[in-house]
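Enquirer: Sequence and predicted model, in that order:
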Amino acid sequence: MELLECKELCKEFDNKQILKNINLKIPRGKIIGLLGKNGTGKSTLIKLINDLLTPTSGEVLINGQNPGINSKEIISYLPERTYLDREMTIKQVLIYFEEFYKNFNSKKAIKLLKDLDLDINKKIAKMSKGMQEKLQLVLVMSREAQLYILDEPLRGCRSCNERLYIRHYTF
């Protein structure tokens, strides 16, 4: 069984077809990049996989099941927009993630934070956009998930890009 499968997946907004008959299979253990111009439906597909949108027709299957409560336990999702509470410190966010996600690995998160020069005591409101993006990436990659879905994970993070290419992380 495939980890992720899309069958004849379609999505329309205001009678405009964004996705048409998408058929996709992603087996376990693969890293797949979804590339395309702006407005071609990449984020729409990601939101459908994460059960944030409903297909117009067709279906998404994760471990053979439609997205829902069970799939949220195995998918670690990084949206394109920040979702962090700016009043919290990094340490508070780590505690929150540890309590919220059974599969969150704090030791891994702390190591990645150190590797990316992020101070665990820093308040999010005092961090640059790039630093916040690094933090979000650390949080997502520190879950022991089966499927990682990253929507534009490093768009504004030049130093993060450089470090991730130089260091060979095993996630």
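Expert: Received, thanks. Numbering: from 1, shown residues only.
Enquirer: Wait, Leu4 touches Gly64, no?
Expert: No. If you go by Cβ atoms under 8 Å, Leu4 and Gly64 don't touch, sitting 10.2 Å apart. To be clear about C-beta, it is placed using only N, CA and C from the backbone, and glycine gets the same treatment.
Enquirer: give me the element Ile18 is part of.
Expert: Using DSSP states H and E, Ile18 sits within strand 16-26.
Enquirer: Can you name every helix or strand that that strand contacts?
Expert: strand 4-13, helix 42-49 (3 or more Cβ pairs under 8 Å, 6 or more residues apart in numbering; DSSP states H and E).
Enquirer: between Leu4 and Gly64, who's got more neighbours?
Expert: Shown here are Leu4 and Gly64; by other Cβ atoms under 10 Å, Leu4 has more neighbours (22 against 9).
Enquirer: For Tyr83, see how far away Thr44 is.
Expert: 18 Å (Cβ to Cβ, to the nearest Å).
Enquirer: Among the two, which residue is more densely surrounded?
Expert: Thr44 (19 against 9).
Enquirer: Hmm, that one is touching Leu19, no?
Expert: Yes. Shown here, Thr44 and Leu19 form a contact pair, counting by Cβ under 8 Å, at 6.0 Å.
Enquirer: Now do the shared contacts for those two.
Expert: Lys11 (Cβ atoms under 8 Å, 6 or more residues apart in numbering).
Enquirer: remind me, longest helix of this protein?
Expert: helix 129-141 (DSSP state H).
Enquirer: Mind listing what's buried along that helix?
Expert: Neighbour counts over helix 129-141 (16 or more other Cβ atoms under 10 Å) mark Gly130, Met131, Gln132, Glu133, Lys134, Leu135, Gln136, Leu137, Val138, Leu139, Val140, Met141 as buried.
Enquirer: Repeat that for stretch 11-23.
Expert: Buried-residue list, stretch 11-23, by 16+ other Cβ under 10 Å: Lys11, Ile18, Leu19, Ile22.
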